[in-house]
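Coordinates for the following, if possible.
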Amino acid sequence: MDQKQKIIKMYMEGKSKRGIAKITKKSRNTVAKYIREFEESKLEDVRKLPIPESVMSPPTYKK
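Residues are numbered from 1 along each chain as shown. Prediction:
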């Protein structure tokens, strides 16, 4: 997981996929896959996710 985070960080800093692959010694396909997954996760609509009951209920305090 640490490697994936480094790849995403380098991508956000503007490094090329080929450059990232060279630095991390991963294949270009792997780097492209991680970046594609990252980009797709940004597009995910969070409004369609279920809201947990704990968020909707008012706060409770111990007496």
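
which residues are contacting the helix ranked longest in the chain?
Ranked by residue count and defined by DSSP state H, the top helix of the chain is helix 28-43. Outside of helix 28-43, the residues within contact range by CB atoms under 8 Å, 6 or more residues apart in numbering are K4, I7, I8, Y11, K17, R18, I20, A21, T24. Heads up, the C-betas are built off the backbone N, CA and C, glycines and all.

The first one: what's it in contact with?
With CB under 8 Å, 6+ apart as the criterion, the residues that contact K4 are Y34.

Backbone dihedrals for it, both of them.
K4 has phi and psi values of phi -60, psi -40 when expressed as degrees, to the nearest 10.

Give me the pLDDT for it.
pLDDT for K4: 89.

Return the distance of it relative to E37.
When distance is defined by CB to CB, to the nearest Å, K4 is 9 Å away from E37.

now the fifth one
As defined by CB to CB, K17 lies at a distance of 13 Å from E37.

Between those two, point out the one with more neighbours.
Counted by other CB atoms under 10 Å, K17 and E37 do not tie: K17 has more neighbours, with 17 against 11.

Tell me the confidence at that one?
According to the model, K17 scores 94 on pLDDT.

circling back: please indicate which of the contacts of helix 28-43 are buried?
Buried members of these, counted by 16 or more other CB atoms under 10 Å: K4, I7, I8, Y11, K17, I20, A21, T24.

from the residues you listed, which ones fall inside helices?
Residues of those located in helices (DSSP H): K4, I7, I8, Y11, K17, I20, A21, T24.
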